[in-house]
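In: following is a predicted model, sequence given first.
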Amino acid sequence: MLRSSPRKLIVRTIVALAMLAATLLLPPALRPTYAQAASLPALKAEQLSVSGLSSGGFMAVQFDVAYSASIVGAGIIAGGPYNCSRGSVNVATMVCSCTSGLPWCSVSNGGTGVASLVETTATYAQRGHIDATANLARQRIWLFSGRADTVVPTAVMDDLAAYYRHYLPAEQIRYRSDIHAEHAIPTDGFGNGCAKLGAPYISNCGVDGAGELLNWIYGSLHPRSTAPPAGRFIEFDQEEFIDSPRRHGMATTGILYVPPGCEGNAAGCKLHVAFHGCKQTAALVGEAHTHNAGYNAWADTNRIVVLYPQAAPVYPWANPNSCWDWFSYDDANYAIKTGRQMRAVKRMTERLMGVQ
């Protein structure tokens with residue numbers, strides 16, 4: 001039997017080679033072109049919001065609920081209610097999504113059990129595991145479900161809308177489920193055909209998803225830029241925020257977009273966290289998500305710093321698709337404030353917001 005340290009070395013080597021191979025297989029135009037990883041800059045951004053697709057949508061929901069005192073709003077694409085999986089991969093892949101495929105998919109209207117999830121949320125809040133749910137009442141929530149989504153069907157998003165309606169007035173929730181879109185971030189100019197399922201999980205549906213969610217969360221924004229990005233992309237060290245990130249489903253580096261006017265202390269700038277979906281990391285789709293999901297054009301004209309934290313695979317079975325931990329593949333505390341990935345991203349936002 002291998003001793004502990006050689007085994008860890010072998011595992012790390014396999015992971016590194018797999019990630020390198022995935023990057024090299026990308027067309028040259030999609031390969032990441034960031035500079036050497038730096039330390040995440042200390043800024044003084046304000047008005048934190050979050051969004052995400054798929055596992056990133058589930059992650060954005062649990063981040064929003066757990067840290068609701070610090071967040072002004074969320075945009076969720078193809079996600080589900082807080083703690084939907086209940087820590088079970090089977091529930092995650094058969095009840096909260098259809099990633100197990102047919103005939104195992106058991107998604108149904110009301111199937112996630114919103115009432116019990118609300119009870120769990122209340123228990124966590126009472127025990128101090130998450131912030132008080134009263135904070136959610138002041139937020140603004142934007143939801144999008146593609147009518148053709150075969151991965152997270154609209155029934156799951158309907159349950160998410162019902163979950164949020166338990167805490168927020170209906171007029172503070174905007175829910176779109178009127179587009180025949182597959183499982184992807186909708187844009188109005190980049191990506192696959194709207195009904196196609198596949199990488200980079202961004203589709204040209206005639207809907208500016210990033211723009212709609214940012215405008216809903218923050219109010220009326222200045223029109224987006226039509227020029228190439230005027231800000232700066234920074235590849236930063238995620239190991240500052242979580243020990244041994246690859247053991248816990250996170251990449252060693254993440255990506256930050258700093259628009260004009262937000263360098264230095266970034267006073268008056270907003271902060272948005274964009275969680276990618278499974279198989280949507282920079283290692284797998286290059287710059288598609290960080291450059292073309294639609295956030296940066298709005299960031300340039302509205303002084304919004306955009307944080308793109310990066311997940312990573314955990315081989316061989318736990319998390320091969322670089323998903324965020326919303327079903328306890330790494331951490332039983334995945335959905336509360338002390339969860340490893342949750343706390344790591346929260347610490348990143350604290351750095352960017354000047355919180356000691």
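Out: That came through fine. For clarity, every value in this text was computed on a predicted model and none was experimentally measured. Residues are numbered from 1 along each chain as shown.
In: give me the distance between the nearest residue to His222 once chain neighbours are set aside and Glu287.
Out: Take His222 and drop its neighbours on the chain: the residue closest to it by CB to CB, 6 or more residues apart in numbering is Thr301, 4.4 Å away. To be clear about C-beta, it is placed using only N, CA and C from the backbone, and glycine gets the same treatment. Per CB to CB, to the nearest Å, Thr301 is found 20 Å from Glu287.
In: now stretch 91-105: average pLDDT?
Out: Averaged across stretch 91-105, pLDDT comes to 90.
In: ok, and what's touching that stretch?
Out: For stretch 91-105, the external contacting residues (CB atoms under 8 Å, 6 or more residues apart in numbering) are 54, 58, 80, 84-85, 90, 106-107, 111-112, 150-153, 156, 326-327.
In: where exactly do the helices run in this protein?
Out: Secondary structure of the chain (DSSP state H): helices at 4-24, 55-66, 89-94, 114-126, 154-165, 209-218, 282-285, 288-292, 295-302, 340-352.
In: how far does the second one sit from its chain's centre?
Out: Mean-position distance between helix 55-66 and its chain equals 7 Å (CA atoms, centre = their mean, to the nearest Å).
In: same for it, what does it pack against?
Out: With contacts taken as 3 or more CB pairs under 8 Å, 6 or more residues apart in numbering; DSSP states H and E, helix 55-66 sits against strand 46-53, strand 71-77, strand 270-275, helix 340-352.
In: mind giving me the packing neighbours of the longest one?
Out: In other words, helix 340-352. Using 3+ CB pairs under 8 Å, 6+ apart: helix 340-352 touches helix 55-66, strand 270-275, strand 304-308.
In: what is the neighbour count of the residue nearest to His222?
Out: Applying other CB atoms under 10 Å, we find 17 residues neighbouring Thr301.
In: over to the one 5 residues further on?
Out: By other CB under 10 Å, the residues close to Val306 number 26.
In: run through the residues that contact the residue lying closest to it once chain neighbours are set aside.
Out: Of all residues not flanking Val306 in the chain, Tyr257 sits nearest, at 4.2 Å (CB to CB, 6+ apart). Contact partners of Tyr257, counting by CB under 8 Å, 6+ apart, are 229, 231-234, 290, 295-296, 299, 305-308.
In: wait, Met59 sits on Phe327?
Out: No - using CB atoms under 8 Å, Met59 is not in contact with Phe327; the gap is 10.7 Å.
In: any weak-confidence spans in this structure?
Out: 1-36 (pLDDT under 70).
In: in stretch 318-329, what counts as buried?
Out: Of all the residues in stretch 318-329, those buried under the rule 16 or more other CB atoms under 10 Å are 319, 321-329.
In: and those, which two are furthest apart?
Out: Spatially, the most separated pair among those is Ser322 and Ser328, at 16.5 Å (CB to CB).
In: and the residue nearest the centre of this protein?
Out: For the chain, Phe275 is the residue whose C-alpha lies nearest the centre (CA atoms, centre = their mean; 2.0 Å).
In: ok, Pro316 - how many residues close by?
Out: 9.
In: can you get me a residue count around Glu119?
Out: Number of residues near Glu119 (other CB under 10 Å) recorded here: 11.
In: before we move on, back to that, what's across from the residue nearest to the centre of the chain in the sheet?
Out: Going by DSSP bridges, Phe275 is paired in beta bridges with Gly52.
In: so it makes contact with Met59?
Out: Yes - using CB under 8 Å, Phe275 is in contact with Met59, at 4.8 Å.
In: which residues are in contact with each of the two?
Out: Counting by CB under 8 Å, 6+ apart, the contacts common to Phe275 and Met59 are 52, 324.
In: so the residue nearest to Val306 bridges to which residues?
Out: Taking DSSP bridges as the rule, Tyr257 bridges to Phe233, Val306.
In: can you give me the distance of it to Arg247?
Out: For Tyr257, the distance to Arg247 - CB to CB - is 27 Å.
In: check Thr187 too.
Out: Distance, Thr187 to Arg247, using CB to CB: 34 Å.
In: just Val285 next, same as before
Out: Val285 sits at a distance of 23 Å from Arg247 (criterion: CB to CB).
In: okay, these two: which has more neighbours?
Out: For Val285 versus Arg247, neighbours defined as other CB under 10 Å are more numerous around Val285 (22 against 16).
In: give me the nearest residue to the more buried one, chain neighbours excluded.
Out: Nearest non-adjacent residue to Val285, counting by CB to CB, 6+ apart: Pro200, 3.8 Å away.
In: quick one: which of the helices and strands packed on helix 340-352 is nearest Gln172?
Out: With CB to CB as the criterion, Gln172 lies closest to helix 55-66 of the helices and strands packed on helix 340-352, at 13.1 Å.
In: relative to strand 71-77, how tilted is that closest one?
Out: Inter-element angle recorded for helix 55-66 and strand 71-77: 150 degrees (by axes from the mean of the first three to the mean of the last three CA atoms, to 10 degrees).
In: what about dumping the CA coordinates of helix 55-66 to CSV?
Out: Provided in CSV are the C-alpha atoms of helix 55-66 (Å, rounded to 0.1, in the frame of the first residue of the first chain):
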residue,chain,number,x,y,z
SER,A,55,-24.4,24.3,-10.1
GLY,A,56,-23.4,28.0,-10.0
GLY,A,57,-27.1,28.8,-9.7
PHE,A,58,-27.5,26.5,-6.8
MET,A,59,-24.3,27.9,-5.3
ALA,A,60,-25.5,31.5,-5.8
VAL,A,61,-28.8,30.6,-4.0
GLN,A,62,-27.1,29.1,-1.0
PHE,A,63,-24.5,31.9,-0.9
ASP,A,64,-27.3,34.5,-1.0
VAL,A,65,-29.3,32.8,1.7
ALA,A,66,-26.4,32.0,4.0
